[in-house]
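Colleague: The following block contains a protein sequence and its predicted model.
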There are 2 protein chains.
Amino acid sequence: MQNNLDFLTRFLVDQYSFPAEETLLLSKFKRVNVKKNCLLLTSGEVCQYAYFICNGCLRTYFIDGKGEEKTRYIAFENKFVSAFASFITQAPSAECVQALEDSELLRIRQADFYQLVDTNAIFSKLYRQSLEQAQVIATWRIETMISMTAKERYENLLERMPQVVLRLSNKHVASFLGITQESLSRLKKKG
Amino acid sequence: MQNNLDFLTRFLVDQYSFPAEETLLLSKFKRVNVKKNCLLLTSGEVCQYAYFICNGCLRTYFIDGKGEEKTRYIAFENKFVSAFASFITQAPSAECVQALEDSELLRIRQADFYQLVDTNAIFSKLYRQSLEQAQVIATWRIETMISMTAKERYENLLERMPQVVLRLSNKHVASFLGITQESLSRLKKKG
DNA sequence: TAAATTTTTTATCATTTGTCAATGTTTGAT
DNA sequence: ATCAAACATTGACAAATGATAAAAAATTTA
């Protein structure tokens, strides 16, 4: 159904001057609705899809040496999410992809995605800009981790990505900050 | 001089099937030789150049809230280095770029770089793959920071980027790991 | 609505890491 | 070769964060 793609179309038209009449190009995207906590990819699987978030929230996480879940990335509406390393290389993924809210997603297969990127100038630019933006976010995360205390990181997150704190549980916020729930609980109290 | 570009040409031919006869495309790259500790970009400046390392080592770092230098990125031979965020946006850079060894570099202006990327399929692919690779490295750094102790991060670094430990001072290794020199010194002793 | 499960808070104690100061050691310039 | 500056190590102590356990609160499920 064409109008399943309204979210993505509007996003592309608004943000990337995508020609509205070329929505046929988007036919490789399929709508997927998932419940909160739904696992879209588990570790060990090869990541077949990239997801565009129309509504909701996704995270990527991994299990560390002590068996604890650690959240590497969180995204909300109008972002693409995937287990990058696996999606790019088609090797088994160390990371899992999970919905943290009931979510309306559009997914595209890896091969279709790269075909679009390789044959369509707008998609090529979109992908490049997505990678550049991902780099800026990753740089921010690294900077906070090597230069701030847990408290400073929390306050910084509240400024830079308030949605994370407002929409998600402390458990997931703590996991994203790289600290325990207990530490986060204390930080918030001391305020 | 054409043969100033031998390093880059060889790299592109070997790694990216670059047609050896098209080295004219590389004429926008200029050779720069710098001494250890040379600052190629200071914070507040707009990053004009991307650097390809023929020989030597570059880092990007910033000054944190307490006035301490924190190293976000380190690269050796055959890598491109830039203050990404500023290079992409042409806004003043928070980061500095510095040589950590006497280095032989090739630099290219931002506009020339993007022109190459936009007009040449191989450069476009090269840039995309560089961004993807940067994402994989950034992901690794984030993962280590949110899931490992300083000791574990050090051992992991020794495995994954031994050059950092072997070629650079403890001061810079500690800065890259996000810990103090004193902590690093103790970690190495207990090892 | 009640019970079960999950999440959050609180407290105590252990461990890791940072801070500061003093002392060796290396490096680089003259 | 000598001196000065930068770097590395060590020790004592402080601060931040983790681990564990228990209780309180919130959420989900039946």
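Modeller: Noted; the coordinates are in hand.

Colleague: so A:Gly95 makes contact with A:Glu45?
Modeller: Actually, residue A:95 is Glu rather than Gly. No - assessed by CB atoms under 8 Å, A:Glu95 is found out of contact with A:Glu45, at 10.0 Å. C-betas here are computed from N, CA, C, even on glycine.

Colleague: and the longest helix along chain A, what other elements does it pack with?
Modeller: For chain A, the longest helix by residue count, based on DSSP state H, is helix A:121-147. If you count contacts as 3 or more CB pairs under 8 Å, 6 or more residues apart in numbering or on different chains; DSSP states H and E, helix A:121-147 packs onto helix A:6-16, helix A:110-119, helix A:150-160, strand B:69-75, helix B:84-89, helix B:121-147, helix B:170-177.

Colleague: please redo it, this time with the cut-off set to 6 Å
Modeller: helix A:110-119, strand B:69-75, helix B:84-89, helix B:121-147 (3 or more CB pairs under 6 Å, 6 or more residues apart in numbering or on different chains; DSSP states H and E).

Colleague: what stretches of chain A score poorly on pLDDT?
Modeller: A:1-4 (pLDDT under 70).

Colleague: what's the closest residue to A:Ser130 other than its chain neighbours in contact with, if anything?
Modeller: Distances taken as CB to CB, 6 or more residues apart in numbering or on different chains put A:Phe80 closest to A:Ser130, at 5.8 Å, once the chain neighbours are dropped. If a contact means CB atoms under 6 Å, 6 or more residues apart in numbering or on different chains, then A:Phe80 has A:50, A:52, A:130 as its contacts.

Colleague: DNA strand C contacts on chain A?
Modeller: Contacts of chain A with DNA strand C, taken as CB under 7 Å from any atom of the strand, map to A:169-171, A:181-182, A:184-186, A:188-189.

Colleague: returning to that earlier point: most tightly packed of the helices and strands packed on helix A:121-147?
Modeller: strand B:69-75 (a mean of 22; mean count of other CB atoms under 10 Å in any protein chain shown).

Colleague: what about that strand, near DNA strand D?
Modeller: No - Strand B:69-75 stays clear of DNA strand D (CB under 7 Å from any atom of the strand), getting no nearer than 9.7 Å.

Colleague: Any part of that strand near chain A?
Modeller: Yes - against chain A, strand B:69-75 shows contacts by CB under 6 Å from any CB of the partner chain at B:70, B:72.

Colleague: what lines up beside the helix or strand following that strand in the sheet?
Modeller: Per DSSP states H and E, strand B:69-75 leads on to strand B:80-81 as the next helix or strand towards the C-terminus. Strand B:80-81 has its sheet partners listed here by DSSP bridges as strand B:49-55 (antiparallel).

Colleague: I'd like to check the angle between the next helix or strand after the partner strand and helix B:170-177, please.
Modeller: Proceeding N to C from strand B:49-55, the next assigned helix or strand is strand B:58-63, under DSSP H and E. Here the directions of strand B:58-63 and helix B:170-177 differ by 70 degrees (axes from the mean of the first three to the mean of the last three CA atoms, to 10 degrees).

Colleague: Going by contacts, tell me the helices and strands next to strand B:58-63.
Modeller: Strand B:58-63 is packed against strand B:69-75, strand B:96-99, with contacts defined by 3+ CB pairs under 6 Å, 6+ apart.

Colleague: what separates that strand from the chain centre, distance-wise?
Modeller: On the basis of CA atoms, centre = their mean, to the nearest Å, strand B:58-63 sits 9 Å off its chain's mean C-alpha point.

Colleague: picking that back up, who's the residue nearest to A:Ser130 bridged to?
Modeller: Beta-bridge partners recorded for A:Phe80 (DSSP bridges): A:Phe52.

Colleague: What's the separation between it and A:Thr60?
Modeller: The gap separating A:Phe80 from A:Thr60 is 12 Å, by CB to CB, to the nearest Å.

Colleague: just A:Phe84 next, same as before
Modeller: 8 Å.

Colleague: go on, A:Ile146?
Modeller: Counting by CB to CB - A:Ile146 and A:Thr60 are separated by 21 Å.

Colleague: A:Leu41 too?
Modeller: Noted for A:Leu41: a distance of 8 Å to A:Thr60, by CB to CB.

Colleague: Common neighbours of the two, please.
Modeller: With CB under 6 Å, 6+ apart as the test, A:Leu41 and A:Thr60 both reach A:83, A:97.

Colleague: Looking at the two, which has the bigger crowd around it?
Modeller: Taking neighbours as other CB atoms under 10 Å in any protein chain shown, A:Leu41 and A:Thr60 compare with A:Thr60 leading, 24 against 21.

Colleague: I'd say the more buried one and A:Tyr73 touch.
Modeller: Yes - contact criterion CB atoms under 6 Å: A:Thr60 and A:Tyr73 qualify, at 4.6 Å.

Colleague: Which residues of chain A lie near chain B?
Modeller: A:64, A:70, A:72, A:84-85, A:88, A:131-132, A:134-136, A:138, A:141-142, A:145-147, A:178.

Colleague: hmm, back to that, and which of the contacts of A:Phe80 is nearest to DNA strand D?
Modeller: Nearest to DNA strand D among these is A:Phe52, at 24.4 Å by CB to the nearest atom of the strand.
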